[in-house]
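Chemist: Just to be clear, the model below is a prediction. Sequence and coordinates:
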Amino acid sequence: MEYFFQQVINGLTLGAIYGLIALGYTMVYGIIGMINFAHGEIYMLGAFISLVAFLVFSSISGGSVALALLAALLVTMVFTALWGWVVERMAYRPLRGAPRLAPLISAIGVSILLQNFVQIAQGARVKPLPPVIQGGVTLDLGAAFSLSISWLQIVIFVLTLTLMAGFTWMIARTSLGRAQRATEQDMKMAALLGVNVDRVVSATFVIGAALAGVAGMMVTLYYGVIDFYIGFLAGIKAFTAAVLGGIGSLPGAMLGGLLIGLTESLWSAYFSIQYKDVATFAILVGVLLFRPSGLLGRPDVEKV
Amino acid sequence: MRPPPLLEVDGLTMRFGGLSAVSDLSFSAGQGEITAVIGPNGAGKTTLFNCITGFYRPQVGRLSLHHPDGAALRLERMADHVIARKARVARTFQNIRLFPKMSVLENLIVAQHRVLMAASVFSLAGLLGLGRYRRAERAAIDLARHWLDRTGLTAFADVEAGSLPYGHQRRLEIARAMCTRPLLLCLDEPAAGLNPRESGDLNHLLQGIRDEEKIGLLLIEHDMSVVMGISDRVVVLDHGSLIAEGSPAEVRGNPAVIRAYLGEPDEPAAVLGGEG
């Protein structure tokens, strides 16, 4: 029982990270109907930027780890947001209105480009980061039943939940959020009402990329090793999470992320750790076969 | 000197491949007037609207919108969201295009996006809850409320727009267009699918907009009771060209109009003797 709950905690931590990445997939799909396969690479860039930024800041902050982490977080969000903006501007906007396959291929191209760019710029070897946030709390819940949660897991959880809550609030209440929902439902009509649709789409990419950047930083801290290739697998898993939750649905992306994280950690715990990716992608196949609209998605009505 | 008309269409030509949907069309629509655009199906009415609102870029011709301050804006050179924002042209559609998954009130607030965005400095002030943004938001809600009252939709403010009855959706689309504070309102068959009572209400609403807001209305309509009842001027198109222009009474008796609607008669006397 103890082992089970321990794995649930690990799974939720991982799931929160997937959920953050999945938000970017689902938002972009909602607004322009394309799967941004370069999104996983933005997450990978986030991991690298955060590593570099953290090393720089910890050398100049005079020993305050918290300050260095906070500065690294901000720098990571700013730079990944910038990358998100550039990718949309260069690779997707010129293809708006082209057949659906064109931006998809462009996305794969961007993905390969970014991978190779980081491989050349940073080297192909894995980059280690010694544990930065150590220790944790142990919850004693009666005889022979205790759970340990590391501070890092708590940080990841609190940060992701805060971001998701802020993000949900932004979509529901702010002027930009309203414009995003309007653009999602009828892009042409939104433009006719004076909404600068291009800017709204840019903002969507920027926000999604910043969230992926945060996820990249969390993973760097959590696992302590990164390489130029991590974006692919994490990207596909977050995509699976978005599909599981119902692509286009924001709560769905978060729920899907948590479920994928749980699946992975429980599968590794009770079955075989080598087969955890197989389990995840079996879910993707299953959802696509039996419930393509996902858990919280609405059946897609083809827009004309 | 008389002020220039609100909208001036000059030599407009829009071709799709070899087909000219609109060819060398010139007319004007005045401020504080309802100008009806009529003509058989395929006459180019909706194409004209699509050119005015930036859906299409015409190959030839000018579309000038004269603002009261003297500025003349060339619509054919502007992107669609700029036409809405700077030129202040709003439009409704034959097949209603609301944001179905947003509430009625939100539909009206989105229409004021540009005002809110400017006040919020791209959402930053909104996120921080600054006073300027709150005031702008309150003003936006007040304007939305005004148009909800005018269109009789106040009771439905929090309902999802997509679940409104058909006639209400038509009125909401007009309310939303008015929330952009337009100078020219283009209505594409607003009376389509309305019952006679709703159609009468619509006439009142449109006349009220003309008389109180002093804006120009451009109206595509097949329902002749609406056209003859409320329009100040009528423009008749056929095969993409202007065939008649004038007051409703003048147009009604025009032989070219009758021919366009009823076809070429076997014997000329059949038309001359018949009703319009």
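Modeler: Nice, I can see it. Residues are numbered from 1 along each chain as shown, chains lettered A, B, ... in the order given.
Chemist: show me where pLDDT drops low in the chain?
Modeler: Chain wasn't specified; assuming chain A. Across chain A, the ranges flagged by pLDDT under 70 are A:143, A:298-304.
Chemist: Correction: the question concerned chain B.
Modeler: B:1-2, B:120-130, B:264-276.
Chemist: what distance separates the helix or strand containing A:Tyr3 from the centre of its chain?
Modeler: Per DSSP states H and E: A:Tyr3 is located in helix A:2-32. The gap between where helix A:2-32 is centred and where its chain is centred comes out at 8 Å by Cα atoms, centre = their mean, to the nearest Å.
Chemist: Okay, buried residues for that helix please.
Modeler: For helix A:2-32, a neighbour-count test (16 or more other Cβ atoms under 10 Å in any protein chain shown) marks A:6-32 as buried. C-beta coordinates here come from the backbone N, C-alpha and C atoms, glycine included.
Chemist: Report the spatially closest residue to the residue of the stretch 201-304 of chain A found nearest chain B, excluding sequence-adjacent ones.
Modeler: Chain B sits closest to A:Ala203 of the stretch 201-304 of chain A, with a gap of 8.0 Å, by Cβ to the nearest Cβ. Distances taken as Cβ to Cβ, 6 or more residues apart in numbering or on different chains place A:Leu176 nearest to A:Ala203, at 6.1 Å, with adjacent residues excluded.
Chemist: so what's residue 247 up against?
Modeler: Here I'm looking at chain A. Taking Cβ atoms under 8 Å, 6 or more residues apart in numbering or on different chains, we find A:Ile247 in contact with A:Tyr25, A:Thr26, A:Tyr29, A:Gly30, A:Gly294, A:Gly297.
Chemist: wait, I meant chain B there
Modeler: Counted by Cβ under 8 Å, 6+ apart, B:Ser247 has contacts B:Asp232, B:Arg233, B:Val234.
Chemist: got a winner among the residues you listed for most neighbours?
Modeler: Sorting the contacts of B:Ser247 by how many neighbours each has (other Cβ atoms under 10 Å in any protein chain shown) puts B:Val234 first, at 25 neighbours.
Chemist: tell me the SS of that residue?
Modeler: Three-state call for B:Val234 (DSSP: H, G, I helix; E, B strand; the rest coil): strand.
Chemist: swap in A:Leu296?
Modeler: Here A:Leu296 is coil, with the state taken from three-state DSSP.
Chemist: All the strands of the stretch 101-250 of chain A, residue numbers only.
Modeler: Counting by DSSP state E, counting those that start in this stretch, the stretch 101-250 of chain A has strands at residues A:127-128, A:136-140, A:146-150, A:225-226.
Chemist: before we move on, what about the stretch 51-200 of chain B?
Modeler: Applying DSSP E, counting those that start in this stretch to the stretch 51-200 of chain B gives strands spanning B:60-66, B:72-74, B:89-92, B:184-188.
Chemist: most neighbours per residue, which of those?
Modeler: When you average the neighbours per residue for each of the strands of the stretch 51-200 of chain B (mean count of other Cβ atoms under 10 Å in any protein chain shown), strand B:89-92 leads with a mean of 27.
Chemist: That one pairs with which strands, and in what direction?
Modeler: strand B:184-188 (parallel) (DSSP bridges).
Chemist: and the angle from the partner strand to strand B:60-66?
Modeler: Angle between the axes of strand B:184-188 and strand B:60-66 is 120 degrees (criterion: axes from the mean of the first three to the mean of the last three Cα atoms, to 10 degrees).
Chemist: Just the C-alpha atoms of strand B:184-188, please, in CSV.
Modeler: Output in CSV follows, covering the C-alpha atoms of strand B:184-188 (Å, rounded to 0.1, in the frame of the first residue of the first chain):
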residue,chain,number,x,y,z
LEU,B,184,-21.4,51.5,-41.6
LEU,B,185,-23.4,48.4,-40.8
CYS,B,186,-23.7,45.7,-43.5
LEU,B,187,-26.5,43.3,-43.0
ASP,B,188,-26.7,40.2,-45.2
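Chemist: so what's residue 38 up against?
Modeler: Using chain A here. Shown in contact with A:Ala38 (Cβ under 8 Å, 6+ apart): A:Val87, A:Ala91, A:Ala107, A:Ile108, A:Val110, A:Ser111, A:Leu114.
Chemist: that's the wrong chain, I wanted chain B
Modeler: B:Lys45, B:Ile220, B:Glu221, B:His222, B:Val227, B:Val234, B:Val235, B:Val236, B:Leu237, B:Val251.
Chemist: what sits opposite it in the beta ladder?
Modeler: Assigned bridge partners for B:Ile38, using DSSP bridges, are B:Val236.
Chemist: next one: B:Leu7
Modeler: Going by DSSP bridges, B:Leu7 forms beta bridges with B:Ala29, B:Leu65.
Chemist: Neighbours of it, how many?
Modeler: 24.
Chemist: from memory it sits against B:Leu184, does it?
Modeler: Yes. Between B:Leu7 and B:Leu184 there is a contact under Cβ atoms under 8 Å: 5.7 Å.
Chemist: Now do the shared contacts for those two.
Modeler: Listed as contacting both B:Leu7 and B:Leu184 by Cβ under 8 Å, 6+ apart are B:Ala29, B:Ile52, B:Leu65, B:Gly216, B:Leu218.
Chemist: Just checking the distance from the lengthiest helix in chain B to the centre of its chain.
Modeler: With DSSP state H setting the assignment, residue counts place helix B:131-150 as the longest helix in chain B. In terms of Cα atoms, centre = their mean, the centre of helix B:131-150 is found 23 Å from the chain centre.
Chemist: next one: stretch B:61-72
Modeler: The chain centre lies 17 Å from the centre of stretch B:61-72; the measure is Cα atoms, centre = their mean.
Chemist: Could you do stretch A:235-253 as well?
Modeler: The answer for stretch A:235-253 is 10 Å, by Cα atoms, centre = their mean.
Chemist: In it, which residues are buried?
Modeler: Using 16+ other Cβ under 10 Å as the test for burial, stretch A:235-253 gives A:235-250, A:252-253.
Chemist: before we move on, what about stretch B:244-261?
Modeler: Buried, per 16+ other Cβ under 10 Å, within stretch B:244-261: B:Ala244, B:Glu245, B:Pro248, B:Val251, B:Arg252, B:Asn254, B:Val257, B:Ile258, B:Ala260.
Chemist: swap in stretch A:206-226?
Modeler: Going by neighbour count (16+ other Cβ under 10 Å), the buried part of stretch A:206-226 is A:206-222, A:226.
Chemist: again, but for stretch A:159-175
Modeler: A:Leu159, A:Thr160, A:Leu163, A:Met164, A:Phe167, A:Met170, A:Ile171, A:Thr174, A:Ser175.
Chemist: Let me have these in TSV, adding distance to A:Ala102 as columns.
Modeler: Below are the buried residues of stretch A:159-175 laid out as TSV (distance: Cβ to Cβ, whole Å):
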residue	distance to A:Ala102
A:Leu159	36
A:Thr160	33
A:Leu163	32
A:Met164	32
A:Phe167	29
A:Met170	30
A:Ile171	28
A:Thr174	32
A:Ser175	31
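Chemist: Tell me how many other residues surround the residue of the stretch 201-304 of chain A closest to chain B.
Modeler: A:Ala203: 23 surrounding residues under other Cβ under 10 Å.
Chemist: thought it was touching A:Ser175?
Modeler: No. Using Cβ under 8 Å, A:Ala203 is not in contact with A:Ser175, being 11.1 Å away.
Chemist: check contacts around B:Ile83.
Modeler: Counting by Cβ under 8 Å, 6+ apart, B:Ile83 touches A:Leu192, B:Ile52, B:Thr53, B:Gly54, B:Leu75, B:Val89.
Chemist: rerun at 7 Å
Modeler: Taking Cβ atoms under 7 Å, 6 or more residues apart in numbering or on different chains, we find B:Ile83 in contact with B:Thr53, B:Gly54, B:Leu75, B:Val89.
Chemist: Many thanks, have a good one.
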